[in-house]
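Chemist: Curious how this folds, go ahead:
(2 chains)
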There are 2 protein chains.
Amino acid sequence: MTDDVKPAPARPRRLPRDVRERQILDAAVQVFSRHGYHAASMDEISDVAGVSKPMIYAYLGAKEDLFAKCVSREAARLLEAVRMGLHADLPPDMQLWHGLRGFYQFVAAHRDGWTVLHRQALTVGGQFAGEVNDLRARAIEMVSTLVVTTGTKKGLGDVAEFSGPALAVSLVGAAESLADWWLDHPDVSDSVLASWLMNLVWLGFNDLVEGEVWRPQ
Amino acid sequence: MTDDVKPAPARPRRLPRDVRERQILDAAVQVFSRHGYHAASMDEISDVAGVSKPMIYAYLGAKEDLFAKCVSREAARLLEAVRMGLHADLPPDMQLWHGLRGFYQFVAAHRDGWTVLHRQALTVGGQFAGEVNDLRARAIEMVSTLVVTTGTKKGLGDVAEFSGPALAVSLVGAAESLADWWLDHPDVSDSVLASWLMNLVWLGFNDLVEGEVWRPQ
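Modeler: Numbers count the residues shown, from 1 in each chain, chains lettered A, B, ... in the order given. Presented below is the predicted three-dimensional model:
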């Protein structure tokens, strides 16, 4: 801290279009996350963004278009966060670890974005739910590839082909469910969350590929 | 089979009220599952049930009441199916195994009921989503108790108290996600589904309580 009195930064009257669009989308994600699609108002989005309604309509369209663009942006960000972790040159457990951390770091940094994707978009249904289901399918596909590749390297190709997709579906469901729980338990760190899943799921998967199988007594 | 010609059973003109109510609810669950809450019509429910609309209104109320009663009935059935598996006198892995089998047997026998709970009720939101979230919370509580009890018996009380609820949340999320996948892969048996989860999750959990921990390299 200093006692210097700084002049207020000059407020530019005209921002580049992409900056304005980002401001509008940031505001829209926040408002949609808080109220849901139907109850969210363009007035509030305009207030939060500090951008006039006519400018919002001109740049990004009506509420439906705006919501669609929010869903697309957040879905692309989430997928990118997970994909960055899954480096094919890392061992499979480290790929999963970094993929999970990427996911939870996205949720931590874009809590409103996660709420829009996981709660609001599915509730509205239609094309929005379709986009979220596509996102889910791509995440499952990435994990499934990892599981099948690992199983195949261990000489369990047939088993891995048969059960890999379902194990991936389970893992993605577990990760989402835990992300939801996290919204109400924000004091747990993203690495603790990812560790829980690695310990729960990876150790179990590892036993499987090492030939240890659970059977009812 | 015999060649005896049996007389057609007499069709009673007046059925007991509880039988009628069950017919109506069965039809309503089917129609809500197929079309969702908003698109479902009382006309179609009346047709499928073979019960007149005035009688439906008199017995069970308007569409909103009917949907609420569907959600309550299916939620109670699902919870009972899981609870029956979790006998406290069984070893913990067998409790989880029977709990999971109960869950998947419910989904197999009441596919429409599961769709109403897992897809439609959450989409409609409000009290309906609230009831489904309560159901979820109770399932998580049951699994959490199982995990914490098992961890505590192994001398890991503090760890189990800290991570047990989150592990239960993960497991319930995995089980739901796999149930959803199952709707598109109905040729897999309920015991295969439950085995996948036991192998994925229980073996991992068991490693944990035996002190084997995954850590990033």
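Chemist: just checking, residue A:182 touches residue A:192?
Modeler: No. In this structure residue A:182 lies outside contact range of residue A:192 using CB atoms under 8 Å: 9.8 Å. C-beta coordinates here come from the backbone N, C-alpha and C atoms, glycine included.
Chemist: For residue A:46, give its distance to chain B.
Modeler: According to CB to the nearest CB, to the nearest Å, residue A:46 stands 25 Å off from chain B.
Chemist: Verify the stated contact: that residue with residue A:53.
Modeler: Yes. Residue A:46 lies in contact with residue A:53 (CB under 8 Å); the separation is 4.7 Å.
Chemist: Between those two, point out the one with more neighbours.
Modeler: residue A:46 (20 against 13; other CB atoms under 10 Å in any protein chain shown).
Chemist: Which elements pack onto the helix or strand hosting the more buried one?
Modeler: Secondary structure from DSSP states H and E places residue A:46 in helix A:42-49. Helix A:42-49 is packed against helix A:17-39, helix A:53-60, helix A:63-85, with contacts defined by 3 or more CB pairs under 8 Å, 6 or more residues apart in numbering or on different chains; DSSP states H and E.
Chemist: Just the mean pLDDT for the shortest one, thanks.
Modeler: Read it as helix A:53-60. Averaged over helix A:53-60, pLDDT sits at 96.
Chemist: likewise the first one?
Modeler: Model confidence over helix A:17-39 averages 94 on the pLDDT scale.
Chemist: Now that helix - C-alpha only, PDB.
Modeler: Extracted C-alpha coordinates of helix A:17-39, given in PDB (Å, rounded to 0.1, in the frame of the first residue of the first chain):
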ATOM      1  CA  ARG A  17     -16.000  -5.800 -29.900                       C
ATOM      2  CA  ASP A  18     -14.500  -9.000 -28.600                       C
ATOM      3  CA  VAL A  19     -13.900  -7.400 -25.200                       C
ATOM      4  CA  ARG A  20     -17.500  -6.200 -25.100                       C
ATOM      5  CA  GLU A  21     -18.700  -9.700 -26.100                       C
ATOM      6  CA  ARG A  22     -16.700 -11.300 -23.300                       C
ATOM      7  CA  GLN A  23     -18.100  -8.800 -20.800                       C
ATOM      8  CA  ILE A  24     -21.600  -9.600 -21.900                       C
ATOM      9  CA  LEU A  25     -21.000 -13.400 -21.800                       C
ATOM     10  CA  ASP A  26     -19.400 -13.200 -18.400                       C
ATOM     11  CA  ALA A  27     -22.400 -11.300 -17.100                       C
ATOM     12  CA  ALA A  28     -24.900 -13.600 -18.800                       C
ATOM     13  CA  VAL A  29     -23.200 -16.800 -17.300                       C
ATOM     14  CA  GLN A  30     -23.400 -15.100 -13.900                       C
ATOM     15  CA  VAL A  31     -27.100 -14.200 -14.200                       C
ATOM     16  CA  PHE A  32     -28.200 -17.500 -15.800                       C
ATOM     17  CA  SER A  33     -26.300 -19.400 -13.100                       C
ATOM     18  CA  ARG A  34     -28.100 -17.400 -10.400                       C
ATOM     19  CA  HIS A  35     -31.700 -17.400 -11.700                       C
ATOM     20  CA  GLY A  36     -31.900 -20.200 -14.400                       C
ATOM     21  CA  TYR A  37     -32.700 -19.500 -18.000                       C
ATOM     22  CA  HIS A  38     -36.400 -18.700 -17.700                       C
ATOM     23  CA  ALA A  39     -36.200 -16.300 -14.800                       C
END
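Chemist: center of chain A - which residue?
Modeler: Residue closest to the mean C-alpha point of chain A, counted by CA atoms, centre = their mean, is residue A:78 at 3.5 Å.
Chemist: show me where pLDDT drops low in chain A?
Modeler: A:1-13, A:205, A:208-209, A:211 (pLDDT under 70).
Chemist: Quickly note the distance from residue A:65 to residue A:86.
Modeler: 32 Å (CB to CB, to the nearest Å).
Chemist: Looking at those two, which one has more neighbours?
Modeler: Neighbours were tallied for residue A:65 and for residue A:86 using other CB under 10 Å; the higher tally belongs to residue A:86 (20 against 12).
Chemist: pretty sure the more buried one is touching residue A:97, no?
Modeler: No. Residue A:86 is beyond contact range of residue A:97, at 10.0 Å (criterion: CB under 8 Å).
Chemist: and the residue nearest to the centre of chain A, what does it touch?
Modeler: Applying CB atoms under 8 Å, 6 or more residues apart in numbering or on different chains, one finds that residue A:78 lies in contact with A:103, A:106, A:110, A:113-114, A:117, A:135.
Chemist: Kindly report the same for residue A:53.
Modeler: A:42-43, A:46.
Chemist: Could you rerun that using 7 Å?
Modeler: A:42, A:46 (CB atoms under 7 Å, 6 or more residues apart in numbering or on different chains).
Chemist: Likewise for residue A:194?
Modeler: Residue A:194 touches A:97, A:100-101, A:104, counting by CB under 7 Å, 6+ apart.
Chemist: secondary structure element for it?
Modeler: helix A:190-197.
Chemist: Just want the angle from that helix to helix A:63-85.
Modeler: Counting by axes from the mean of the first three to the mean of the last three CA atoms, to 10 degrees, helix A:190-197 lies at 70 degrees to helix A:63-85.
Chemist: ok, for residue A:180, nearest residue in space, not its chain neighbours?
Modeler: residue A:118 (6.8 Å; CB to CB, 6 or more residues apart in numbering or on different chains).
Chemist: I'd like the distance between that neighbour and residue A:133.
Modeler: On the measure of CB to CB, residue A:118 and residue A:133 end up 12 Å apart.
Chemist: So between these two, which is more surrounded?
Modeler: Comparing residue A:118 with residue A:133 by other CB under 10 Å, the one with more neighbours is residue A:118, at 19 against 12.
Chemist: Residue numbers of chain A in contact with chain B?
Modeler: For chain A, the residues in contact with chain B (CB under 7 Å from any CB of the partner chain) are A:93-94, A:97, A:123, A:125, A:163, A:166-167, A:169-174, A:176-178, A:181, A:196-205, A:207-208, A:212-214, A:216-217.
Chemist: Taking the residues you listed, please make a PyMOL selection of just the buried ones.
Modeler: Remark: buried members of the residues of chain A next to chain B, expressed as a PyMOL selection using 16 or more other CB atoms under 10 Å in any protein chain shown:
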select buried, chain A and resi 93+94+97+123+163+166+167+169+170+171+172+173+174+176+177+178+181+196+197+198+199+200+201+202+203+204+205+207+208+214
